[in-house]
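Enquirer: Structure of the sequence below:
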Amino acid sequence: MDIAHPLTSEVTSLSFSFLSSDDIRSISVKKIDNPVLLDNLNLATNGGLYDPKLGPMTARDMCETCGQSYFACPGHYGHIELPSPVFHPLFMNQCYNLLRATCLYCHHFKMPELILRRYIARLRLLDAGCLEEAHTVANFHPVTKDAPKDGDTQEDMDAGVAGETAAEFIQRMDEYVRQVLKHRKRKHERDNYKDGLVFEERKRVLNEFGKKLWAKCSHCQAYGNTFRKEKTIKIIEYDLSPKQKLANSTMGLKKPHASFSSRSIKKPQKGKEEEDEGIEASSASSGSEAEDEGMDVDEVEAEEEESEEEDEGLTAGPARTASGQVKGARGRNERVMAAAEVRSHLRRLFQKEAEACSLLYGRHGGPQAKSGHIPPPPIADMFFMDVVPVPPTRFRPPAKMGDDLFENSQNTLLTAIINTCERIYTVNQTLRDFERQDKSEAVMEALKNLDKTRSFEILLESLIRLQHDVNSFMDSTKNPAVMKQGKLPPQGVKQLLEKKEGLFRKHMMGKRVNYAARSVISPDINIETNEIGIPPVFAKKLTYPEPVTPQNVHEMRQLVINGPKVHPGAALVQNEDGSQISLDRTTLEQRTAIANQLLTPQNDAWAGSSGGPAARNKKVYRHIRDGDIVILNRQPTLHKPSMMCHRVKVLHGEKTIRMHYANCNSYNADFDGDEMNIHFPQNETARAEAQMIANTDNQYLVPTSGNPLRGLIQDHVVAGVWMCNKSSFFTRDEYYQLIYGALRTENNYSGGGRIITLPPAIIKPRPMWTGKQIMSTILVNLTPANAKGLNLTSKNKVQNKLWQRDDSKDENMSEENVIFLDGHLILGVLDKSQYGASAYGLVHSVHELYGPYIANRLLAVLSRLLTKYLQHTGFSCRMDDLILSEEGERLRKQILDDANEDGMRTALQFVGLPHDGDIHNPELQQNLKIRLEEILRDDNLMAGLDAKMQMAFNKTTSKINNDVLPAHLVRPFPDNNMQMMTISGAKGSKVNASQISTLLGQQALEGRRVPTMVSGKTLPAFKAFDTQARAGGYVANRFLTGIRPQEYYFHW
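Expert: Numbers count the residues shown, from 1 in each chain. Now for the predicted structure:
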């Protein structure tokens, strides 16, 4: 970056698209048609894949296009002209679905006009970001005389006895859309189409549109053909049934001439374009098995795809006629539709259904008013390829071993395409010779032994081979070639880019680079959430080249004098010509002399010459210092927030990287030895992007769902509940100490260096402040000067019944509801739902109202406040927190005793025996045993019994946990620290607490209980066919008092 000549322009829009055939030809410098790479002297051949116009092949060569050397030439593209278009491998499925929805007689969509117009209206609204209005249009139906019946589908309602015509309905719907778009344009909400919900709805509408298939066209009433796609190689068209052929001929319908013949092969001339007029008609019609006009095409094609056999796409199969037809296994005629024929049909569709196709496949979103550029409408050619780009030589370097050169693996795929093209040209010329009327005697003699039908089969095989070769070049997994000795096929373009060995991950990520550091991370709550603590050993090694100007020369001189061993200092001084002076082994006098010459030009004659370049400043490679911006990354980098930018805080006396707790969730990091990387940007552009775009404040919301990703954890959550409850009061000294330690007047959180305080809630006998007032003081001081106070109503995780010690039902006494009024906390306690990584809480609301900067300041202030509070209060977990009271133990034992009888009654009910009376009857138990033996032999019945038993025992577990916890603990909530952790969301869950204090419950694997042996026992310690809970894997003991060996086996 040249800071002396800044750019004044800005980027207004950015779009991505695939290169069209014209784009490829425009960037190409050479047509490649020679399959021979090198001549006998190992020199590149003209028109070959190593043509000199594509760039130098060796370090001794010069580029014939730009005239630069091997190291300076950027490389130039070539292209291969295909004799006939092929399907684009990446768009084959879209092309196939579009062909199925197209009528090949009138070239309109088969669906009714009314339904099509509704889709057009929905897509127009979604392009403008009108999600709610698009849902409204989806429910638009014509006004009918007959009321819709239950179970009627959308098509049934659209086809009802209309009270308005289709034209009137379409006009009413279009008028609604016009009014909505007019109102939206007036509000200037242009970028709403980028919202995630709008994007997901658009995808859903497109998928829904692709599934709407009709066997009969709603415009011309013609019966359509059915098709089958064989991998990504070819599309098979089936013949019509006799009944459908008769119906079409009765209506006088005739398919336009759009079939494949040898005349659709382009001549091997550069720049020759394919014309639709050169496409002949096929003598055979095509069809479908759908006899009834109401039959869905999916039902027919589903049956066809079930019988589809694997086809390598290279053999001709049974003998075909000149039109390409073959008798199928079901007795129907079927033929291969060439890509040229499909393209001709789709071109006509895009002409007649221009608006629908533009919305489906064109650029979506509102017009770009600033750019003034109107993108071209989509065309059907996007689904096909008639020219293949050839990468520059520098990206396909030949391998060298001694004096021998070996071609790049990518050249193998390109050479195969060239050879196939030559074969197609040869066969096509043979077919053209057959069609000539004035054949000479020599030509007749040469061609008398050739068969025209066989030549057409060879041509069709070659076209399929060309499709195979192009697919392999783009994606080698589409049609993998069988390699000898188990070798992998050559990599396609997709394989060169994707996965861990692709260009991006292999060469652009995870490498050891300069101006980087790596160490173990440690927690530190005293730094800001957007700061990162750097140890001095890193601070003296990481440097930044800062230009010397008259404004900073005094500072730069002092850094140079300090040298590389004193922080802050400097390591190098760079002169105007790029030469560098190391300060590592210089004395103090030498560094002082260098510092005094920072503004002195290195060479007056050179700097002041009229013909020379403009003078550049010297640069001082200074140490990293407080306030610098660095990029922090923890691997694996699974999402965007795994790499964020922090401000530097050099911490003297430390040895590790210090990070705030709030960043743990973003990096998926903990402090058990995790290491992280630091990267120091080296120019002003990178620093600006890091500070304004990738900074931690802007990463509060996760991009995938929009939910908060940063928040306080563990001890801070518990401290917030304790501080804000009704029994917490603070003296004047405690109040001021907590506020001062959290807000830090030196950081000017409230503006002007002053802290705004609140009057005490209690005046006599001495002034006392509540914990809610402390939270209110924090929020009042952080609220921007010109902003209103926060008004928020939400809920926390601590239920109201846990606080109430009596039968009071007054909602005003409830701590479950959190209410902020004008920035003051009126009601409720703050827990994980308010300042953790949770949506719609306190911090999330501040982020939405006041911006990301204030929200992250609030996190940092709250972390210091709650830490100061814990320093005076303390938090730990005691054994008393886990023990049940005597009443709780009695209640637990009674419920478990009843559970054994519940197991017996459930088993009796499942086998159909009486279970309401005396279940200990010996005769009843003998019958139960006999029936359980029968159930054991049937796995389905055994699964049913397991489900019934689990349902019964799960009720027992729930009853124990609900009746015993937390009401019958020795220490009730909120004095119980274990319950405080689990309920507030600080750590653990209710299940963890119950397994410690009450029981582990039913053990299950893949939805089944413990498996039973042939003897009817789950373990040798139990009786055969025992229906007790313990015998089925129910662990009634707990971790507090220990579990039995059998239960340990089940649980393990």
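Enquirer: After the strand ranked longest in the chain, heading C-terminal, what element do we hit next?
Expert: If you go by DSSP state E, the chain has its longest strand at strand 77-87. Next along the chain after strand 77-87, taking DSSP states H and E as the criterion, comes helix 92-100.
Enquirer: Not counting that following helix itself, show me its contacts.
Expert: For helix 92-100, contacts defined as C-beta atoms under 8 Å, 6 or more residues apart in numbering pick out 87-88, 210, 213, 226-227, 229, 232, 235, 297, 301, 342, 345-346, 349, 383-384. Where C-beta positions appear, they are placed from N, C-alpha and C, glycine not excepted.
Enquirer: in that helix, what counts as buried?
Expert: 92, 94-100 (16 or more other C-beta atoms under 10 Å).
Enquirer: just to revisit the earlier point, from the contacts of helix 92-100, list just the buried residues.
Expert: The neighbour-count criterion (16+ other C-beta under 10 Å) marks 87-88, 213, 226-227, 229, 232, 235, 297, 301, 342, 345-346, 349, 383-384 among those as buried.
Enquirer: Could you list which of those belong to strands?
Expert: Short answer: those in strands (DSSP E) are 87, 227, 229, 235, 384.
Enquirer: which residues touch the second one?
Expert: For residue 227, the set of contacting residues under the criterion of C-beta under 8 Å, 6+ apart consists of 96, 99-100, 235-238, 301, 337.
Enquirer: For it, list each beta-bridge partner.
Expert: When bridges are called by DSSP bridges, residue 227 pairs up with residue 237.
Enquirer: thinking again about what came up before, quickly run through the sheet partners of the longest strand of the chain, with directions.
Expert: Counting by DSSP bridges, strand 77-87 is paired with strand 28-31 (parallel), strand 384-390 (antiparallel).
Enquirer: May I see those organised as TSV, with distance to residue 625 and mean pLDDT added?
Expert: Formatted as TSV, these follow (distance: least, C-beta to C-beta, whole Å; pLDDT from 0 to 100):
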stretch	distance to residue 625	mean pLDDT
strand 28-31	50	91
strand 384-390	49	92
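Enquirer: out of those strands, which comes closest to residue 588?
Expert: Taking C-beta to C-beta, strand 28-31 is the member of the strands paired with strand 77-87 nearest to residue 588, at 59.5 Å.
Enquirer: The closest one: how far from the chain's middle?
Expert: Centroid separation between strand 28-31 and its chain, computed with C-alpha atoms, centre = their mean, to the nearest Å, is 37 Å.
Enquirer: now what about it, what contacts it?
Expert: Identification of contacts with strand 28-31 by C-beta under 8 Å, 6+ apart yields 47, 51, 53-54, 65, 76-81, 270, 389-390.
Enquirer: any idea which helix or strand of this structure has the worst average confidence?
Expert: helix 297-306 (a mean of 40; mean pLDDT, DSSP states H and E).
Enquirer: So which residue is dead centre in this protein?
Expert: For the chain, the residue nearest the mean C-alpha position is residue 704 (6.8 Å; C-alpha atoms, centre = their mean).
Enquirer: Find the nearest non-adjacent residue to residue 586, please.
Expert: residue 563 (7.0 Å; C-beta to C-beta, 6 or more residues apart in numbering).
Enquirer: that older thread, quick one: the residue nearest to the residue nearest to the centre of the chain when sequence neighbours are not counted and residue 697, what's the gap?
Expert: Distances taken as C-beta to C-beta, 6+ apart put residue 639 closest to residue 704, at 7.1 Å, once the chain neighbours are dropped. Residue 639 sits 17 Å away from residue 697, going by C-beta to C-beta, to the nearest Å.
Enquirer: Compare the two (neighbour count), which wins?
Expert: residue 697 (21 against 14; other C-beta atoms under 10 Å).
Enquirer: Next up, phi/psi of that one, please.
Expert: For residue 697, the backbone dihedrals are phi -60, psi -40 (criterion: degrees, to the nearest 10).
Enquirer: Show the model's pLDDT score for it.
Expert: Here the pLDDT value assigned to residue 697 is 87.
Enquirer: same thing with residue 881?
Expert: Taking residue 881 on its own, its pLDDT is 83.
Enquirer: my guess is residue 407 meets residue 36, correct?
Expert: No - when contacts are counted by C-beta atoms under 8 Å, residue 407 is not listed as touching residue 36 (10.9 Å).
Enquirer: The residue nearest to residue 586 reaches residue 585, doesn't it?
Expert: No - the criterion here is C-beta under 8 Å, and residue 563 misses it with residue 585 at 9.7 Å.
Enquirer: Looking at these two now, which is surrounded by more residues?
Expert: Using other C-beta under 10 Å, the more surrounded residue of residue 563 and residue 585 is residue 563, with 18 against 8.
Enquirer: Give me the distance between that one and residue 539.
Expert: When residue 563 is compared with residue 539 (using C-beta to C-beta), they lie 14 Å apart.
Enquirer: which residues of the stretch 701-850 of the chain fall in strands?
Expert: 729-730, 769-770, 792-795, 817-821, 824-827 (DSSP state E, counting those that start in this stretch).
Enquirer: How about residues contacting the second one?
Expert: Which is strand 769-770. With C-beta under 8 Å, 6+ apart, strand 769-770 has contacts from 726, 728-732, 734-735, 758, 760-761.
Enquirer: Show me which of these are buried.
Expert: Counted by 16+ other C-beta under 10 Å, those give 728, 730, 734-735, 760 as buried.
Enquirer: how's the protein carved up into domains?
Expert: Using the TED database, the domain parsing of the chain gives 23-77+391-407, 408-479, 516-601+617-699, 715-873, 879-1050.
Enquirer: Mind telling me which of the ones you listed the model trusts least?
Expert: domain 408-479 (a mean of 76).
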